[in-house]
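*Asks:* here's a sequence, model it:
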Amino acid sequence: MSRSHLAVFGVLVLFIDGQSVAKAGDKASSVKQPFTITTETTRITEPVDKDGFIDYAAALNDRLSKSVNKENNAVVLLCQMFGPKPEGQQVDPEFYKRLGIDEPPEKSAYFVTLSKFLDAGAPLAPEERARLRDAQFNLQNRPWKAMEFPRIAAWLLAMKGPIGVGVDATRRSRYYHPLIPQKNEYGRLSLMTSLVSYVQKCRELANALALRAMLHLGEGRNDAAWQDLAACHRLARLVTRGGSLIENLVGMAVEHIASEGTLSLLEPGRHDRKQLHGAWSDWRALSHSSAVRDNLDLTERYTTLETVLMMQRYGPEFLANMGGHKKGGQAPKFAPMKAVAWDPALKNINAMYDRIGAALKEEEYQARRDKVRQIEQDIRAQRAKIGEPGVMSQIAGLFATPEQRGERMGDIIICLLIPAFTKLHDAEERTKQLRLNMDTAFALAAYHLDHDNYPTKLAELSPRYLERIPADHFTGKPLTYRTQAVGYVLYSFGLNERDDEGRTHDDDPPGDDIVVRMPRPLRRE
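*Replies:* Prediction:
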C-alpha cells in the first residue's frame, strides 16, 4: 500500500471509528473479540493463537507445503544456487526451517550476475560495460557466438555450476517458497511484508538459460540449446505454483523469455525432424501453470482478512508502521479499535473474493472479460464514493452503528487492498494466447520440414500437424496468418480485439497484437 493510500486510510478509519479507539497502551488480548470465527467471516477456523486470532501465515504455509519435501521442492535447489542473501539481505531462518534445510553457507560457488562478474575482472570502460549490459538481453533471442562477446561467454562458462543447479531445480515436481512475514520489535507483521527473494532471482536464471541457449544455437549445438530452453519453460510453469501473485507474474515473464528463444530454434535450418519433434513433444508435455485465481482465492484472501483483524487488534497505527519506525523516533502506540462490528467487514471481503473467483472461472474469454471489467468498475465507483470524508460524513460516522462501521471498513479495505486483479487477468490471458501461438509455430515448422515451404492457409495443418486449428483467444475468430517471401506472420488481435496489422508494444507505432514472425526479426543492438 502506498503512503498516499495509508494517509487516506487513516482519515477514513478515524471517520468510521469516531472516538472508539482505545487508549494507547491497552492490550489487544484484554479486549473481547468483536468478530466470530466462521467460514463466512474468517474463512478458516484454525489455527488460532493465544489471543484468539487466526494465524493466517501458519495456515497458508501449511496448505502450500502439502506433499512437499526437501527432495522434491525446486526452491531448495534455488537456495543452493543463489545462497543465503539472494537480494543482499539475510533471509529469515524460519524460511529455511519451513523448507526443512539448513541455511546455506555464507560463501560458496553461488550464481553472480554479469555485472558482478565484470567487477571482479579487469577494469572496463563505461561504454564497454553498457554495450555488454545491453547485449546480455538482446542476445537472448538470437543465435550468437563466443567470439562476438567473449566476456559474456566467459561469464556463462564460470556460472556453469550454479546454472546446472538451477536446471536440476526445474526438473523437480514441486515448488514451495515459504511466505514468512517480517518482524520488528513489536512482533510479527502482516503477510503483506513477506519477502519473495528467491522468486525474483528466477528471472536471472531464466535470462541466463535463454542467453546460453542462443550461444549453443549460434555454435551449432542445437540439442543443448533446446535443453536450456526446456529448462526455462519448466521453470516458468513451476514458479506459478507459488503462493503469491508475484510468482504468477514472474512465471508468466519467464514463459515469454523461454518462448522468444524457442521461436529462434524454430527457424528453418536450425533443426532436423528428430530434434523438432522431440522439442515439440517436450513442450506439449510441460506441467500446467497455476491460475491467478488460485492465488487470489488463497493467499490474497488470507492476507486481506488478516489485515482486517490486525486493524482490530492494533488499530490504525498497525498499517502506518508495518515496516517499522525510524530509530530514535517516537514509538507507535498500538491500540485495539472498538465500536466496530468486524463480521460485516469480513463478510464483505469474502463476498468480493467469491465474486472475483466466479468471474475468473468463466470458461469463455468474453464472459470472463465482461465480468472482470464490471467488478473493476464497481470497485472504482466504491472508491469514488468513499473519497475524503467531509464534515457531514464525520458527523454521520459518530452516530453510525457498529455494523454500519464494519460494512464501511470492509468497503475501504476492498478498495485499498484487493490487488489490481484486472491487470493480472490480462497478463494471464496474453500468456494463454502465447501458448496457442507457440503450438501453431511448432506445427508450421514441422510442415516446413516436410514441404520445404509454409502452408498458404492454417487449415492445411489439420489434421496431420494439429488436430484442431486454434482460434484467436480474444475474438474467437481465426488467427491472422499470412505467408511472406521467406516466411510468415501469425498473430492474435490481443486484448484490444483490434487488428493492429501485426504490431506489438515494441513497434512504432505500438500495437497490441500477439505476434510470431518467421524468420525472427533482428533486434537493434
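*Asks:* all contacts plus neighbour counts: C-alpha atoms, from now on.
*Replies:* Noted.
*Asks:* quick check: closest non-adjacent residue to residue 270.
*Replies:* residue 222 (7.1 Å; C-alpha to C-alpha, 6 or more residues apart in numbering).
*Asks:* can you get me a residue count around the one you found?
*Replies:* By the other C-alpha atoms under 10 Å criterion, the neighbourhood of residue 222 contains 19 residues.
*Asks:* so what's it up against?
*Replies:* Neighbouring residues of residue 222 by C-alpha atoms under 8 Å, 6 or more residues apart in numbering: 216, 265, 270, 271.
*Asks:* who wins for most neighbours among those residues?
*Replies:* If you count neighbours using other C-alpha under 10 Å, the busiest of the contacts of residue 222 is residue 265, which has 28 neighbours.
*Asks:* what sits against it?
*Replies:* Residue 265 sits next to 217, 222, 225, 226, 271 when contact means C-alpha under 8 Å, 6+ apart.
*Asks:* save the residues you listed as CSV, and put in pLDDT and secondary structure too.
*Replies:* Shown next, in CSV, are the contacts of residue 265 (pLDDT from 0 to 100; DSSP: H, G, I helix; E, B strand; the rest coil):
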residue, pLDDT, secondary structure
217, 97, helix
222, 96, helix
225, 97, helix
226, 98, helix
271, 92, coil
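*Asks:* quick one: those as CSV, columns for distance to residue 136 too.
*Replies:* Shown next, in CSV, are those (distance: C-alpha to C-alpha, whole Å):
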residue, distance to residue 136
217, 16
222, 20
225, 16
226, 19
271, 24
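*Asks:* domain parsing for the chain?
*Replies:* Domain segmentation of the chain under automatic domain parsing yields 3-39+296-321+336-419, 55-290.
*Asks:* what would the ones you listed look like in CSV with distance to residue 496?
*Replies:* Output for the domains of the chain, formatted as CSV (distance: least, C-alpha to C-alpha, whole Å):
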stretch, distance to residue 496
domain 3-39+296-321+336-419, 11
domain 55-290, 20
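*Asks:* nearest to residue 465, of those?
*Replies:* Checking the domains of the chain against residue 465 by C-alpha to C-alpha gives domain 55-290 as the closest, at 10.8 Å.
*Asks:* would you mind measuring the gap between the ends of that closest one?
*Replies:* Domain 55-290 has an end-to-end distance of 25 Å (C-alpha to C-alpha, to the nearest Å).
*Asks:* equivalent analysis for stretch 286-300, please.
*Replies:* Using C-alpha to C-alpha, the end-to-end distance of stretch 286-300 comes to 27 Å.
*Asks:* if we can go back for a sec, distance of the residue nearest to residue 270 from residue 278?
*Replies:* When distance is defined by C-alpha to C-alpha, residue 222 is 12 Å away from residue 278.
*Asks:* show the backbone phi and psi for the residue most central in space within the chain.
*Replies:* Closest residue to the average C-alpha location of the chain: residue 249 at 2.3 Å, with C-alpha atoms, centre = their mean. Main-chain torsions, residue 249, degrees, to the nearest 10: phi -70, psi -40.
*Asks:* separation between it and residue 303?
*Replies:* Distance of residue 249 to residue 303, computed by C-alpha to C-alpha: 18 Å.
*Asks:* kindly report the same for residue 70.
*Replies:* Relative to residue 303, residue 70 is positioned 26 Å away (C-alpha to C-alpha).
*Asks:* please apply the same query to residue 91.
*Replies:* Note on residue 91: its distance to residue 303, by C-alpha to C-alpha, is 21 Å.
*Asks:* start to end distance for stretch 359-371?
*Replies:* 6 Å.
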